[in-house]
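Chemist: heads up, no residue letters with this:
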């Protein structure tokens, strides 16, 4: 029997799907990329963006039409708002939270689906039926990291993932968020902040090192609040990073460790100092700004000011001068005036981000801002998007030009669209392409050194100099 799995949304959803894949294949299902030949069709959904939800509707309507021709079962899990969940309960055969992924064998069995063979070590538990739906996400959002919720998530994290890549891995360290930004659905889809036990995180990191992984990304909705829900019994985020840095530094080869996403309110100097102290902790910071105006930040409930954000950036520039800076920004938030948008443009130009993910505001049902008037016209939102993008390109191009003719290390991640070229990224996650002799793909998954020959605002092109072993030996010497 075969399964098809569509994963939408952020890296956390990808990580959840890796554990879901382990459960599915542990039951004897075989993956397929062809929906037409699958017996089990599933989605790991994302309610944070309407486009992702629209895609789910498109899929399930098609899948339900396919049922007229043959027997198949559909399921949905992921990061889903209660309002979306209620509608999907009527369309999918099974709907369950990511916390219930360990119970999928029971869910399928109760629905009457034959399982090729039982999952080794699986203990039967009370499962959630289609009629019951998700556990109450609203209740979970109120209960700050309750012992029950920690126990449920620990069961999910105990599943060994089936990683999507043999050299890049995602490692969840935390789930949920306590910040309740007025535009954000995460506290209602993921619940309150829950930290994964550091012992389990470090165990997973050791396994990845032993298996030769080159890149590791620590995941969470608010990674730098790690341990705050287990004060006195768990490490802080800085201490966790320090321990991971020790492990990876001692590996005897190059490893890049990233984390996403931190919150400015919890970004301490200690975290930055730890990154500076460890070669394996990548010199790359993705720190969401969202707006460069204090009044807008206050309406967003971001809990930090422009001044505080700039102080963090200055300390990063002081301690990690080589670090690249990425950010997230929302334009057209309810009530955003032209002057307030202008303040965001000033921040963009002052900081000079290497990359910014700029989103046009759209209300998400269930969030606080969805109750407010969406009073910035779409035409104006798009104008602001274009202006801010132009500011970003100007600053990013200036930083990129400084790399021209320099030699850099990149991790090769795959083929490039340009014929006989491979693609990768620098330690700072700047994309780089280079010509591969005769289209040789053996460099994929390796570190190589290239000389930068041309640049654009968000990418670079170079010529291959040498490969991983020579690069590491040269660095070690």
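Modeler: Thanks, I have the structure now. Just so it is clear, the model here is predicted, and its values are computed rather than measured.
Chemist: what separation do you get for the residue nearest to residue 161 when sequence neighbours are not counted and residue 318?
Modeler: Using Cβ to Cβ, 6 or more residues apart in numbering and skipping the chain neighbours, the partner closest in space to residue 161 is residue 18 (3.7 Å). For every residue, glycine as well, the C-beta is placed using N, CA and C. Per Cβ to Cβ, to the nearest Å, residue 18 is found 37 Å from residue 318.
Chemist: those two: who's more crowded?
Modeler: residue 18 (21 against 11; other Cβ atoms under 10 Å).
Chemist: tell me which element that one is part of?
Modeler: Here residue 18 is covered by helix 11-26, with elements defined by DSSP states H and E.
Chemist: contact partners of that helix?
Modeler: 3, 5, 7, 31, 40, 42, 44-46, 77-79, 98, 101-102, 104-105, 119-120, 122, 156-157, 159-164, 170-172, 175, 190, 217, 219-221, 260 (Cβ atoms under 8 Å, 6 or more residues apart in numbering).
Chemist: what residue ranges in the stretch 251-400 of the chain are flagged as low confidence?
Modeler: Along the stretch 251-400 of the chain, the model assigns pLDDT under 70 to no residue.
Chemist: thinking again about what came up before, can you select the buried ones among the contacts of helix 11-26 for me in ChimeraX?
Modeler: Only the buried entries of the contacts of helix 11-26 go into this ChimeraX selection, using 16 or more other Cβ atoms under 10 Å:
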select :3,5,7,40,42,44,45,46,77,78,79,98,101,102,104,105,119,156,157,159,161,162,163,170,171,172,175,190,217,219,220,221,260
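Chemist: in helices, which of the contacts of helix 11-26 fall?
Modeler: In this view, the contacts of helix 11-26 that belong to helices under DSSP state H are 104-105, 156-157.
Chemist: ok, of these, which one's closest to residue 367?
Modeler: residue 156 (25.0 Å; Cβ to Cβ).
Chemist: enumerate every residue touching that closest one.
Modeler: So residue 156 contacts 16, 19, 98-99, 101-102 (Cβ under 8 Å, 6+ apart).
Chemist: can I get those residues in a markdown table with distance to residue 204?
Modeler: Listed next are the contacts of residue 156 as a markdown table, based on distance: Cβ to Cβ, whole Å:
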| residue | distance to residue 204 |
| --- | --- |
| 16 | 15 |
| 19 | 11 |
| 98 | 17 |
| 99 | 18 |
| 101 | 17 |
| 102 | 17 |
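Chemist: of those, which one scores lowest on pLDDT?
Modeler: Within the contacts of residue 156, pLDDT reaches its minimum at residue 99, with 87.
Chemist: and the residue lying closest to residue 427 once chain neighbours are set aside, how many neighbours?
Modeler: Once flanking residues are discounted, residue 427 sits nearest to residue 282: 5.2 Å by Cβ to Cβ, 6+ apart. Neighbour count of residue 282, defined by other Cβ under 10 Å: 22.
Chemist: show me the contacts for residue 373.
Modeler: Contact analysis of residue 373 by Cβ under 8 Å, 6+ apart lists residue 334.
Chemist: all strands of the stretch 151-300 of the chain, in order?
Modeler: According to DSSP state E, counting those that start in this stretch, the stretch 151-300 of the chain carries its strands in the segments 168-172, 174-175, 194-195, 215-219, 256-260, 284-286.
Chemist: using JSON lines, lay out these together with distance to residue 408.
Modeler: Shown next, in JSON lines, are those (distance: least, Cβ to Cβ, whole Å):
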{"stretch": "strand 168-172", "distance to residue 408": "18"}
{"stretch": "strand 174-175", "distance to residue 408": "31"}
{"stretch": "strand 194-195", "distance to residue 408": "35"}
{"stretch": "strand 215-219", "distance to residue 408": "16"}
{"stretch": "strand 256-260", "distance to residue 408": "13"}
{"stretch": "strand 284-286", "distance to residue 408": "13"}
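Chemist: nearest to residue 455, of those strands?
Modeler: strand 284-286 (17.7 Å).
Chemist: can you give the strand pairings for the closest one, parallel or anti for each?
Modeler: strand 324-331 (parallel) (DSSP bridges).
Chemist: any idea how far the partner strand is from the middle of the chain?
Modeler: Per Cα atoms, centre = their mean, to the nearest Å, the displacement of strand 324-331 from the mean C-alpha position of its chain is 14 Å.
Chemist: re the thing from before, just flag the most distant two among the ones in helices among the contacts of helix 11-26.
Modeler: Using Cβ to Cβ, the ones in helices among the contacts of helix 11-26 reach their maximum pairwise distance at 105 and 157, which is 18.0 Å.
Chemist: quick check, residue 375 in contact with residue 335.
Modeler: Yes - counting by Cβ atoms under 8 Å, residue 375 touches residue 335, with 6.6 Å between them.
Chemist: out of these two, which sits in the busier spot?
Modeler: residue 335 (15 against 11).
Chemist: quick one: that one from residue 370, how far?
Modeler: 14 Å.
Chemist: kindly report the same for residue 204.
Modeler: 37 Å.
Chemist: who has more neighbours out of those two?
Modeler: Higher neighbour count among residue 204 and residue 370: residue 204, with 19 against 16, using other Cβ under 10 Å.
Chemist: list the beta-bridge partners for the nearest residue to the more buried one once chain neighbours are set aside.
Modeler: The spatially closest residue to residue 204, leaving aside those adjacent along the chain, is residue 171, at 5.5 Å (Cβ to Cβ, 6+ apart). Under DSSP bridges, the beta-bridge partners of residue 171 are residue 218.
Chemist: so what's residue 171 up against?
Modeler: Taking Cβ under 8 Å, 6+ apart as the test, what residue 171 contacts is 15, 201, 204-205, 208, 216-219.
Chemist: ok, now residue 92?
Modeler: Residue 92 touches 60, 74-76, 130, counting by Cβ under 8 Å, 6+ apart.
Chemist: with residue 375 instead?
Modeler: So residue 375 contacts 334-335 (Cβ under 8 Å, 6+ apart).
Chemist: pretty sure it belongs to a helix, no?
Modeler: No - under DSSP: H, G, I helix; E, B strand; the rest coil, residue 375 falls outside any helix and is assigned coil.
Chemist: what ranges does the stretch 351-477 of the chain have for its strands?
Modeler: Using DSSP E, counting those that start in this stretch, strands in the stretch 351-477 of the chain cover 355-360, 407-415, 421-426, 431-435, 447-455, 460-467.
Chemist: would you format those strands as a markdown table with mean neighbour count and distance to residue 384 included?
Modeler: As requested, those are exported to a markdown table (neighbours: other Cβ atoms under 10 Å; distance: least, Cβ to Cβ, whole Å):
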| stretch | mean neighbour count | distance to residue 384 |
| --- | --- | --- |
| strand 355-360 | 18 | 8 |
| strand 407-415 | 19 | 33 |
| strand 421-426 | 21 | 29 |
| strand 431-435 | 21 | 26 |
| strand 447-455 | 19 | 27 |
| strand 460-467 | 18 | 28 |
